[in-house]
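K.L.:
any chance you could fold what I've pasted below:
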Amino acid sequence: MNLSELIEAFRIESGDSVNKPYFWSDSYLTFLANEAESEACRRAWLLRDSTSSFCEVDVAADEPLITLDPAIITVLRARLSTVIGALSSITSTQMDDCEPLWETHAGRPTSYVPDYQTGALRLYPIPNVDDVLFMTVSRLPVRKMEDDEDVPEIRPEYHYALIHWMLYRAYMKQDADTFAPGKAAVSIAEFEKEFGKRSSARNETWQRERHTLGGNPIA
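P.N.:
The predicted structure is shown next:
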């Protein structure tokens, strides 16, 4: 489905397709459609990427911190161009337990620490030569839908379910003509059937920093 079709389907489902002016403008529904796709990706990690420009980062000698693009939800895999095999993921607590002075060690990196600094990875040990880091990541959409023919980045079979989020947000709008908490509850329940329940910010951060220790996102 493209953006125009998402908006048309929303209007049919909500009954807002007959009389103009509509209760919800096209510009507002465009905002909700983009929000719905991002929300789906946060919940279900639908976009896996190894080829976008932010998946390849230059590594400078003596600089262990790698800044991550804001679109990255979590790093699923990382490897250096000069190292055979993927780097292992290890938490800062585990590093403290096994190598008390680990932050001072230098050499060819074998691991990365995902919970050392928000929005960054810390390589271990500190790289002693320039290198390139290649990552496979779960990410948010990076192309906003703006024109009628624009389509979501997620797979086509998930497109229609985005409408449930749009309905939920539209029905929760504080307006005498649109506020319908009962309908909103039904809509968010349908969205959650497809994409899962939202994690708290605390749990989402935990998943981002420790997913390699526990596997898949937690519903």
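
K.L.:
so which strand or helix has the residue lying closest to Leu133 once chain neighbours are set aside?
P.N.:
Of all residues not flanking Leu133 in the chain, Val57 sits nearest, at 4.7 Å (CB to CB, 6 or more residues apart in numbering). In this view, the C-beta of every residue, glycine as well, is placed from N, C-alpha and C. When secondary structure is defined using DSSP states H and E, the element that contains Val57 is strand 56-59.

K.L.:
and the following helix or strand past that strand, average pLDDT?
P.N.:
Using DSSP H and E, the helix or strand that follows strand 56-59 towards the C-terminus is strand 65-67. Regarding strand 65-67, the rounded mean pLDDT is 97.

K.L.:
rewinding a little: neighbours of the residue nearest to Leu133, just the number please.
P.N.:
By the other CB atoms under 10 Å criterion, the neighbourhood of Val57 contains 17 residues.

K.L.:
which residues touch it?
P.N.:
Ile66, Thr67, Val132, Leu133, Met135 (CB atoms under 8 Å, 6 or more residues apart in numbering).

K.L.:
so what strands line up beside the host helix or strand of the last one?
P.N.:
Translated: Met135. Secondary-structure assignment from DSSP H and E places Met135 in strand 131-139. According to DSSP bridges, the neighbouring strands of strand 131-139, each with its direction, are strand 48-49 (antiparallel), strand 56-59 (antiparallel), strand 72-80 (antiparallel).

K.L.:
and the last one, C-alpha only, in PDB?
P.N.:
This means strand 72-80. Extracted C-alpha coordinates of strand 72-80, given in PDB (Å, rounded to 0.1, in the frame of the first residue of the first chain):
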ATOM      1  CA  ILE A  72      19.600   2.400  14.700                       C
ATOM      2  CA  ILE A  73      17.400   0.600  17.300                       C
ATOM      3  CA  THR A  74      20.100  -2.000  18.100                       C
ATOM      4  CA  VAL A  75      23.300  -3.500  16.700                       C
ATOM      5  CA  LEU A  76      22.700  -7.200  15.800                       C
ATOM      6  CA  ARG A  77      26.200  -8.000  14.500                       C
ATOM      7  CA  ALA A  78      29.500  -6.100  14.100                       C
ATOM      8  CA  ARG A  79      32.800  -6.900  12.500                       C
ATOM      9  CA  LEU A  80      36.000  -5.100  11.600                       C
END
